[in-house]
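*Asks:* here is my input; please provide its structure:
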Amino acid sequence: MALDSERWFSEPFSEEGVAFSLEVTGKLHAEQTPYQYIEVYQTTHWGRLLVIDGCVMLTSRDNFTYHEMMAHPVLFTHPDPRNVLIIGGGDCGMLQEVLRHPGVERCVQVDIDEGVTRASERFFPELCRANDDPRAELLFQDGVQYIQDLPAGSVDVVIVDSTDPVGPAEGLFGEAFFRDVYRAVADDGLIVQQSESPILHVDTILKDLHTAMRGAGFSRVATLQYPVCSYPSGWWSATMASKGADLTQFREADAVSKPFKTQYYNAAIHRGALAVPEFCRHLLTDQ
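*Replies:* Coordinates of the predicted model:
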């Protein structure tokens with residue numbers, strides 16, 4: 001039985017033989033920017049829905065698992081993160097999570113498409129509470145070029161909050177990009193990159209990402225796994241890399257006593273997210 005396209009937004013994944021659908025009550029926004037097509041819907045049970053080029057970016061109901069697991073594990077793994085760079089992240093949810101850490105002195109967010117941020121400020125204001133924080137700087141330009149122009153060793157943590165590796169985000173998954181990140185981060189610097197679904201992409205995107213990070217010079221790579229109900233398969237991942245630091249060790253006492261509330265992340269979740277399922281061990285076990 002076909003779903004009524006007036007009542008349901010559907011994102012098909014033909015190569016995997018599955019689709020994800022949300023019941024909607026109306027479209028709130030539609031905009032073709034120079035880079036992509038942005039839509040916002042009101043759903044019946046999942047709050048508001050942000051869609052870019054036909055792909056689900058976030059919902060009001062479940063975006064917290066993605067934003068928290070992309071931000072807090074890498075920040076608690078770094079010994080003292082002060083200067084943070086976000087590539088992508090135009091909805092500003094990542095910026096908000098980073099700036100919950102009182103030790104962060106500066107966070108630059110570089111997204112190529114200002115339209116995403118303006119739509120988020122209008123329709124997802126709960127994600128944009130840190131936009132006026134004096135430690136925040138929002139830039140709308142090419143993140144790949146921005147990384148290339150950074151002084152060597154000038155950043156503590158790079159968070160790549162990108163869309164899927166197609167279109168404007170394609171360059172954020174290659175070895176050349178990671179070589180630029182390797183140069184830009186300090187000796188104890190870290191990068192984390194959203195790395196798609198382990199169940200759908202372990203032998204494609206995840207494998208290629210691990211290879212590219214190691215090829216760029218990062219000697220340690222580790223993938224964290226966590227749920228995001230509205231993403232393909234509902235099972236998502238973030239992959240961290242370092243120049244030598246053990247990514248399975250983190251400031252656990254600080255994570256336990258963190259001075260801010262989270263909805264999903266805690267120290268136990270952090271430890272558990274590093275566990276590697278048997279079918280992934282050939283790739284995701286750090287060497």
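
*Asks:* off-centre distance for the lengthiest helix in the chain?
*Replies:* Criterion DSSP state H: the longest helix present in the chain is helix 63-77. Its chain's C-alpha centre and that of helix 63-77 lie 8 Å apart, by C-alpha atoms, centre = their mean, to the nearest Å.

*Asks:* now it: mean pLDDT?
*Replies:* Mean per-residue pLDDT for helix 63-77: 98.

*Asks:* I'd like the next helix or strand past that helix.
*Replies:* strand 83-88 (DSSP states H and E).

*Asks:* any weak-confidence spans in this structure?
*Replies:* Where the chain drops to pLDDT under 70, the residues are 1-3, 163-173, 284-287.

*Asks:* centre-most residue in it?
*Replies:* The chain has Asp161 as the residue nearest its centroid, 3.4 Å off, counting by C-alpha atoms, centre = their mean.

*Asks:* gap between it and His282?
*Replies:* For Asp161, the distance to His282 equals 27 Å [C-beta to C-beta, to the nearest Å]. (C-beta placed from N, C-alpha, C; glycine too.)

*Asks:* ok so Asp132 is a strand residue?
*Replies:* No: in this structure, Asp132 is coil, not part of a strand, as judged by DSSP: H, G, I helix; E, B strand; the rest coil.

*Asks:* can you pull the domain assignment for this structure?
*Replies:* In terms of domains, the chain is parsed into 8-59, 63-284 (source: automatic domain parsing).

*Asks:* ok, back up a step: specify the beta-bridge partners of the residue nearest to the centre of the chain.
*Replies:* Going by DSSP bridges, Asp161 is paired in beta bridges with Gly88.

*Asks:* that one contacts Ile86, doesn't it?
*Replies:* Yes: counting by C-beta atoms under 8 Å, Ile86 is a contact partner of Asp161 at 5.8 Å.

*Asks:* any shared contact partners between those two?
*Replies:* Common neighbours of Asp161 and Ile86, counting by C-beta atoms under 8 Å, 6 or more residues apart in numbering, are Met94.

*Asks:* tally of neighbours for the closest residue to Ala19 other than its chain neighbours?
*Replies:* Using C-beta to C-beta, 6 or more residues apart in numbering and skipping the chain neighbours, the partner closest in space to Ala19 is Pro12 (4.2 Å). Around Pro12 there are 12 other residues, counting by other C-beta atoms under 10 Å.

*Asks:* distance of Pro12 from Cys55?
*Replies:* From Pro12 to Cys55 the distance is 11 Å (C-beta to C-beta).

*Asks:* swap in Ala222?
*Replies:* To Cys55, Ala222 is 26 Å away according to C-beta to C-beta.

*Asks:* these two: which is more packed in?
*Replies:* Between Ala222 and Cys55, counting by other C-beta under 10 Å, Ala222 is the more crowded of the two (22 against 17).

*Asks:* chain center to the helix or strand encompassing that one: distance?
*Replies:* Element membership of Ala222, judged by DSSP H and E, is strand 220-227. Relative to its chain's centre, strand 220-227 lies at 12 Å (C-alpha atoms, centre = their mean).

*Asks:* still on that earlier bit, tell me the SS of the residue nearest to Ala19?
*Replies:* strand.

*Asks:* hey, where'd the helices end up in the stretch 101-250 of the chain?
*Replies:* Secondary structure of the stretch 101-250 of the chain (DSSP state H, counting those that start in this stretch): helices located at 114-123, 143-149, 175-184, 198-201, 207-215.

*Asks:* against which helices or strands is the last one packed?
*Replies:* Using 3 or more C-beta pairs under 8 Å, 6 or more residues apart in numbering; DSSP states H and E as the contact test, the elements touching helix 207-215 are helix 175-184, strand 185-194, strand 220-227, strand 235-242, helix 281-284.
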